[in-house]
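J.: I'd like to go over a predicted model; first the sequence, then the structure.
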Amino acid sequence: MIDDHLLVRQGLERLLNVGDEFVVCEEAGNATEGMELVRELRPDAVIVDVGLPGGEDGIALTEKLVMEFPDVVVLILSAHDEPEYMRRAAEAGAMGYVLKSDAADTLRMALRNAFKGKRTFSDEIENF
């Protein structure tokens, strides 16, 4: 999980680690740390925030992740509900775009769908 807000990372880790369906193995606060962790741990999926510090946003990071690790599932988690962000995420290869205002079950469903090869984009963003 790559998000610049520690509280968000910790909260999502707790939510996703409930039960035995998902295991959050590590977290990072920026794109550089996130890329290093993915190279080291080779996770099945990465949840990436759109807004990351350090000059590289989550969509650019998604494109790099997908290019270097074509089998990894990348989901975007965002506070931005503008269609432009969702379009960019889809073009970068994200398997889903979930708003931070969505319920935790939406994120779980998007992960399940992504592992089945199905893309999931937040219902609140229309006509992307």
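T.: Nice, I can see it. Numbers count the residues shown, from 1 in each chain.

J.: if I look at the residue most central in space within the chain, how far off is I2?
T.: When CA atoms, centre = their mean is applied to the chain, the residue found nearest the centroid is I47 (2.4 Å). Shown here: I47 relative to I2, a distance of 7 Å by CB to CB, to the nearest Å. Bear in mind the C-beta positions are built from the backbone N, C-alpha and C, glycine included.

J.: ditto for L107
T.: When L107 is compared with I2 (using CB to CB), they lie 14 Å apart.

J.: neighbour count: these two, which is higher?
T.: I2 (27 against 22; other CB atoms under 10 Å).

J.: pretty sure that one contacts G34?
T.: Yes. In this structure, I2 is within contact of G34 by CB atoms under 8 Å, at 3.6 Å.

J.: OK, contacts around E26?
T.: M1, L37, L41, P43 (CB atoms under 8 Å, 6 or more residues apart in numbering).

J.: next, count neighbours for M109.
T.: Should you count by other CB under 10 Å, M109 turns out to have 16 residues around it.
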